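K.L.:
here is a sequence together with a model predicted from it:
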Amino acid sequence: MLRAYPLLASALTMAGLAVLTAAAAFSVYRHEAEQAAMQLQVWRGMPEPQARLVSVPPGVGAPLPLPDFDSAELVRKLQGIAMQSELPVDEVAYALEKHERRPYLRYKVTLSVSAGYPAVRNFVKEISSGLPNVALDSVRCRRVDAPASPLACDLAFSAFYRRALHG
């Protein structure tokens, strides 16, 4: 048959190799999927990590304790820093994130501002140096008309507080 139909024999050989390759690839992917499923089951069974004290090497400052939750104080400080940085704030949104297993509260603050780059940069710098329990999560800026208009930025921060006195 090989001599009578050489093209058919080649095509059958190629098809057989393709089927074997696909079967081998399927076997490998199936094995990886099974291992991933087993790992997921292990992770689901693990308790969420609890907060623990971290030993601090000599000469390094101790970790900063988190303050008590006071949303009014945070708003006052953010407004003060915005005024000091000459940053007009268009919109502000706050969301308290309570997670049962975390030993802290996370207060998300998003600000929409319109200003020049130096004012935005100075505001972020003042927040990071003046509010040690507040971290910058993201900055997204856009400009409609590059030379004429100010930046329109969305700034997202997370403020962290002790959980003990609040919920």
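P.N.:
Perfect, thanks for sending it.
K.L.:
V113: how many residues sit nearby?
P.N.:
22 (other Cβ atoms under 10 Å). Heads up, the C-betas are built off the backbone N, CA and C, glycines and all.
K.L.:
in three-state terms, label the residue sitting nearest the centre point of the chain for me.
P.N.:
Of all residues in the chain, the one closest to the mean position by Cα atoms, centre = their mean is D137, 7.3 Å from it. Using DSSP: H, G, I helix; E, B strand; the rest coil, the structure places D137 in strand.
K.L.:
isn't it right next to D154, touching?
P.N.:
No. Here D137 does not reach D154: they are 10.5 Å apart, not a contact under Cβ atoms under 8 Å.
K.L.:
ok, the residue nearest to the centre of the chain to A82 distance?
P.N.:
17 Å (Cβ to Cβ, to the nearest Å).
K.L.:
follow-up on the earlier one: how about the residue nearest to the centre of the chain: what's its closest non-neighbour residue?
P.N.:
Nearest residue to D137, sequence neighbours excluded (Cβ to Cβ, 6 or more residues apart in numbering): A156, at 4.1 Å.
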